[in-house]
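*Asks:* what's the 3D shape of this:
(one chain, ligands or ions: 1)
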Amino acid sequence: MDLKEIMNQGVQAIKDADNLERLEEVRISFLSKKGHLSLAMRQMKDLSNEEKPAFGKAVNETKEAIESVLKDRFQELKDIALNESMKKNAIDITLPGTSLKPGLQNPLILMVREMEAFFQEMGYKVVEGDELELDLYNFEKANIPKDHPAREMQDTFFIDEHNLLRTHTTAIQTRTLEEYAPQIPIKVVCPGKVYRRDDDDATHSHQFMQLEGLVVGHNITLADLKGTLSLFAKRMFGEDRVIRFRPSYFQFTEPSVEIDVTCHICNGKGCNVCKQTGWIEILGGGMVHPKVLQDAGYDDETLTGFAFGVGIERIAMLKYGIEDIRMFYTNDMRFIDQFKRFD
Ligand code: DAH
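*Replies:* Numbers count the residues shown, from 1 in each chain. Purely as a prediction, here's the structure:
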């Protein structure tokens with residue numbers, strides 16, 4: 001092929017190439033080392049010295065001309081390919097997008113964080129324990145002897161003779177006492193899940209949460225407990241709240257008290273929530289029983305402590321007007337969505 005033919009055929013082949021793969025084949029057949037142009041160059045050796053420069057120049061011009069047509073066609077085919085792929089993978093930008101829902105914290109966790117924050121501001125440490133607990137810490141070291149009704153099979157989920165699902169966060173209290181003894185002061189709150197063999201209904205759940213409080217040191221009195229819980233009640237239910245102690249009984253405290261707060265709905269006047277009494281029971285507490293201190297390794301002659309246990313669901317239900325404890329555990333987004341993230 002002479003240069004003119006190469007030029008004509010090359011340009012035609014480029015025009016005829018209707019996709020990028022075909023165009024590449026054309027490039028190789030005309031411009032590569034073994035392509036038509038390179039072959040044409042070989043004629044150089046048969047030319048006289050005078051003819052050589054003109055021929056060399058003509059080859060170069062042909063090469064540049066073909067390259068330029070090829071470049072344009074390459075861009076053209078690329079644009080076509082892009083358009084086709086855009087058509088094929090078209091996105092309808094007018095469709096409404098799927099919105100991503102950021103996770104919300106369960107109201108129980110919010111409640112625990114709020115309580116922890118209050119006690120941490122007062123210098124308490126947060127301590128957790130295991131839900132699978134030994135009978136020893138759940139009962140024995142809380143001064144609940146073998147024949148106590150709380151240890152009956154129908155009240156407690158026993159795993160075997162020694163292991164159970166803790167029935168109260170008092171198990172964390174007895175463990176903490178043992179871990180700290182004989183050091184003072186202890187100032188901890190212990191949140192956690194607890195389990196009881198209850199039939200679930202609006203006010204009972206076989207799983208629920210408690211927060212235990214424990215303070216041990218010199219000269220700790222019931223007045224300290226009252227002052228602490230009075231502030232706690234105000235923080236949870238509003239500045240105007242007042243608390244009162246009622247005598248009660250727990251194995252692990254002596255004396256034991258139940259603590260009521262003035263009703264935050266009717267301000268103590270009497271309504272459905274407080275059953276017309278003006279008071280709502282919110283938690284139990286007392287002075288740590290000397291036997292409990294002793295068993296943990298403390299000198300119960302010189303040291304005293306107070307403790308309390310509060311049901312987290314109960315506080316959340318009162319605070320937010322939730323009427324069924326099962327709402328916390330059934331993952332209904334309409335319920336959970338009403339609570340804001342705690343940060
Ligand atoms: N453990 C008790 C319960 O589950 C609550 C409780 C009462 C905890 C008095 C205490 C306390 O630490 O002093 O009902």
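
*Asks:* what residue in this structure comes nearest to the ligand?
*Replies:* residue 309 (2.5 Å; C-beta to the nearest ligand atom). Bear in mind the C-beta positions are built from the backbone N, C-alpha and C, glycine included.

*Asks:* tell me which helix or strand comes right after the helix or strand harbouring that residue.
*Replies:* Using DSSP states H and E, residue 309 maps to strand 304-311. Later in the chain than strand 304-311, the nearest helix or strand by DSSP H and E is helix 312-320.

*Asks:* about what we covered before: show me what the residue of the chain closest to the ligand bridges to in the sheet.
*Replies:* Applying DSSP bridges to residue 309 gives these bridge partners: residue 212, residue 284.

*Asks:* gap between it and residue 253?
*Replies:* Distance of residue 309 to residue 253, given as C-beta to C-beta, to the nearest Å: 10 Å.

*Asks:* list residues touching both of the two?
*Replies:* Taking C-beta atoms under 8 Å, 6 or more residues apart in numbering as the criterion, residue 309 and residue 253 both touch residue 285.

*Asks:* which SS class is residue 335?
*Replies:* Here residue 335 is recorded as helix under DSSP: H, G, I helix; E, B strand; the rest coil.

*Asks:* how many neighbours does the closest residue to it other than its chain neighbours have?
*Replies:* Nearest in space to residue 335, with sequence neighbours left out and distances taken as C-beta to C-beta, 6 or more residues apart in numbering, is residue 327 at 5.1 Å. Residues near residue 327, counting by other C-beta atoms under 10 Å, number 19.

*Asks:* need the pLDDT of residue 327.
*Replies:* pLDDT recorded at residue 327 is 95.

*Asks:* residue 193 versus that one, what's the distance?
*Replies:* 16 Å.

*Asks:* what of residue 200?
*Replies:* Distance from residue 200 to residue 193, counting by C-beta to C-beta: 15 Å.

*Asks:* try residue 291
*Replies:* In terms of C-beta to C-beta, residue 291 sits 27 Å off from residue 193.

*Asks:* same deal with residue 264?
*Replies:* Counting by C-beta to C-beta - residue 264 and residue 193 are separated by 26 Å.

*Asks:* so between those two, which is more surrounded?
*Replies:* Per other C-beta under 10 Å, whichever of residue 264 and residue 193 has more neighbours is residue 264, with 18 against 14.

*Asks:* alongside the ligand, which residues does the stretch 51-200 of the chain contribute?
*Replies:* Along the stretch 51-200 of the chain, the residues adjacent to the ligand under the rule C-beta under 6 Å from any ligand atom are 168, 170, 173.

*Asks:* residue contacts, the first one?
*Replies:* If I follow you right, that is residue 168. Neighbours of residue 168 in contact, by C-beta under 8 Å, 6+ apart: 138, 194, 210, 212, 309.

*Asks:* so the first one sits right up against residue 170, yeah?
*Replies:* So that's residue 138. Yes. Residue 138 is within contact range of residue 170, at 7.5 Å (criterion: C-beta atoms under 8 Å).

*Asks:* in the chain, where is pLDDT below threshold?
*Replies:* 150, 153, 341-343 (pLDDT under 70).

*Asks:* next secondary structure after the longest helix seen in it?
*Replies:* If you go by DSSP state H, the chain has its longest helix at helix 51-88. Beyond helix 51-88 in the direction of the C-terminus, DSSP H and E gives the next helix or strand as helix 107-121.

*Asks:* just the buried positions in stretch 228-247, please.
*Replies:* Buried positions in stretch 228-247, judged by neighbour count with 16 or more other C-beta atoms under 10 Å: 228-237, 241, 243, 245.

*Asks:* between all of those, which two are separated the most?
*Replies:* 235 and 245 (18.3 Å; C-beta to C-beta).

*Asks:* no more questions from me, cheers.
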